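> using only what follows, build the 3D model:
(one chain, ligands or ions: 1)
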Amino acid sequence: MITIIGAGRVGSQAAFDILKDHVDDVVLIDIAETLAKGEALDMMQSAPAIEFDGRIQGTSDYSQMQGSELVIVIAGQARRPDQTRIDLMNNNAKIVRSIVQEVAKHAPNAKIMIVTNPVDVMTYIARKTSGFPGNHVFGMGNILDTLRFRSYIAQELAVSRQDVNALVIGEHGDSMVPLVEYASVTGIPITTLLSKEQIDKVVQRTITSGADVIKLKGSTIYAPAAVITMMADAVIHNRKRVMSVSTCPSGEYGCSDYSIGVPVVLGKNGVERIIELKLSPESQQRFEKSITAIKTAVAALKD
Ligand code: NAI
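Below is the predicted model of the structure:
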């Protein structure tokens, strides 16, 4: 069973995708009880057409998460066009702390996936507040950036998005690090297919892509929900997927005690291992800026 906390735009779409993809049953929790109940009822009524058997329950009762294997936290304020993810930080920190205390009480053996922004800082808070093993608490951010990077590389080359493989690490924010040196099209390095100007353009579009959607329609929904579903599937079905998630390294990438996006193997134990890569000098420099950005944000956290 998966519990999703936050039945807003992203939470309800993620619940629906998880059901449609037959990942697991879902409990959808929100402080707005009628919203959670209404979303659940609407989804349940679509089941005969979409042909899913998973159960969905909407509630504001946290004890209903008991027995969950995975709890996904998507509650909190979303970014307005004039806000950075860091602007959201202190309000969302209060919400995430209180929710994680409920998770520790009702589902102490669950893995926790944080989606609420700024995700690296919220994942750090969730780990500290829950006292759960480090591998059981991780955040969704860079895998979404990675899908965007892949999409823009494919668009620039006019090739199938499926054939593009790439990785983004670092902060899920302005200092993210799209790893040009590891991006390829069916194994062909993009550095042999695109000019430096084209690569710079693709990297820049990747970095601003979330904000671009927010400017146009107020929030991102489908891409985050799709990624949440991929990650949930990796955990529930022990897929051992290799993806970039926010986790707290133990010295890998020169980082410890902060949560930051790095490539990991994701399975039933959550973050099963971190894959350490040799970075180009440019990526290394950007990654260090990412660590500094997250450290600065954590230092600005209020109790
Ligand atoms: P939304 O405003 O549509 O939904 C948020 C929901 O959280 C609301 O229904 C609200 O009632 C609920 N909520 C607030 N406090 C709560 C509490 N203590 N317990 C239970 N529910 C509570 O927002 P949206 O667009 O769904 O975004 C949610 C969060 O996800 C935001 O922080 C946003 O920035 C983040 N996000 C993160 C992404 C990522 O890549 N990590 C991508 C997209 C959104």
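
> where along the stretch 1-150 of the chain do the helices fall?
With DSSP state H, counting those that start in this stretch, the ranges of helices along the stretch 1-150 of the chain come out as 9-20, 33-50, 89-106, 119-130, 142-157.

> on contacts alone, who are the packing partners of the first one?
For helix 9-20, the contact count by 3 or more Cβ pairs under 8 Å, 6 or more residues apart in numbering; DSSP states H and E identifies strand 2-5, strand 26-29, helix 33-50, helix 222-236 as packing neighbours. Backbone N, C-alpha and C define where each C-beta goes, glycine included.

> including mean neighbour count, mean pLDDT and distance to the ligand, could those go into a markdown table?
Putting these into a markdown table (neighbours: other Cβ atoms under 10 Å; pLDDT from 0 to 100; distance: least, Cβ to the nearest ligand atom, whole Å) gives the following:
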| stretch | mean neighbour count | mean pLDDT | distance to the ligand |
| --- | --- | --- | --- |
| strand 2-5 | 30 | 98 | 5 |
| strand 26-29 | 26 | 98 | 6 |
| helix 33-50 | 15 | 96 | 6 |
| helix 222-236 | 21 | 98 | 4 |
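
> let's have the ones you listed in TSV, adding distance to Thr292.
TSV is the format used below for those (distance: least, Cβ to Cβ, whole Å):
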stretch	distance to Thr292
strand 2-5	30
strand 26-29	35
helix 33-50	38
helix 222-236	26
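
> how about the closest residue to the ligand within the chain, phi and psi?
Nearest to the ligand in the chain, going by Cβ to the nearest ligand atom, is Gly8, at a distance of 1.7 Å. Dihedral angles of Gly8 (phi, psi; degrees, to the nearest 10) stand at phi -80, psi -150.

> that one: neighbour count?
Counted with other Cβ atoms under 10 Å, the neighbours of Gly8 add up to 19.

> same check, this time on Leu279
Leu279 has 18 neighbours, counted by other Cβ under 10 Å.

> so for it, what's the pLDDT?
The score at Leu279 is 97. That number is its pLDDT.

> excluding its backbone neighbours, what's nearest it?
Phe287 (6.2 Å; Cβ to Cβ, 6 or more residues apart in numbering).

> which strand or helix spans the one you found?
For Phe287, the element it lies in under DSSP states H and E is helix 281-299.

> residues making contact with that helix?
In this structure, residues lying in contact with helix 281-299 by Cβ atoms under 8 Å, 6 or more residues apart in numbering are 86, 89, 118, 120-121, 124, 169-171, 173-177, 179-181, 253-255, 258-260, 279.

> strands - which of those land there?
169, 177, 260 (DSSP state E).

> and those residues, which is closest to Thr59?
Ile260 (33.6 Å; Cβ to Cβ).

> quick one, what contacts Ala40?
Counted by Cβ under 8 Å, 6+ apart, Ala40 has contacts 15, 28, 56-58.

> of these, grab the buried ones for PyMOL.
PyMOL command restricting the contacts of Ala40 to the buried ones, with burial defined by 16 or more other Cβ atoms under 10 Å:
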select buried, resi 15+28+56+57+58
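
> which pair in the contacts of Ala40 spans the largest distance?
Every pair of those checked by Cβ to Cβ; the farthest is Ala15 and Gln57, at 10.2 Å.

> what's the spacing between Gln101 and Val73?
Here Gln101 is placed at a distance of 12 Å from Val73 (Cβ to Cβ, to the nearest Å).

> the more surrounded of these two?
Just comparing Gln101 and Val73: by other Cβ under 10 Å the higher neighbour count belongs to Val73, 29 against 13.

> show me which residues of the stretch 101-250 of the chain are close to the ligand?
115-117, 119, 140-141, 144, 172, 219-220, 224 (Cβ under 6 Å from any ligand atom).

> export those residues as a markdown table, with columns for distance to Pro133.
Output for those, formatted as a markdown table (distance: Cβ to Cβ, whole Å):
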| residue | distance to Pro133 |
| --- | --- |
| Val115 | 20 |
| Thr116 | 21 |
| Asn117 | 24 |
| Val119 | 19 |
| Met140 | 19 |
| Gly141 | 20 |
| Leu144 | 25 |
| His172 | 22 |
| Ser219 | 32 |
| Thr220 | 30 |
| Pro224 | 26 |
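
> if you rank those residues by neighbours, which is first?
Scoring these on neighbours with other Cβ under 10 Å, the highest-scoring entry is Gly141 at 32 neighbours.

> wait, that residue touches Val121, no?
No. Gly141 lies out of contact with Val121 (Cβ atoms under 8 Å); the separation is 10.7 Å.

> quick test: name the residue nearest the centre of this protein.
Met140 (1.3 Å; Cα atoms, centre = their mean).
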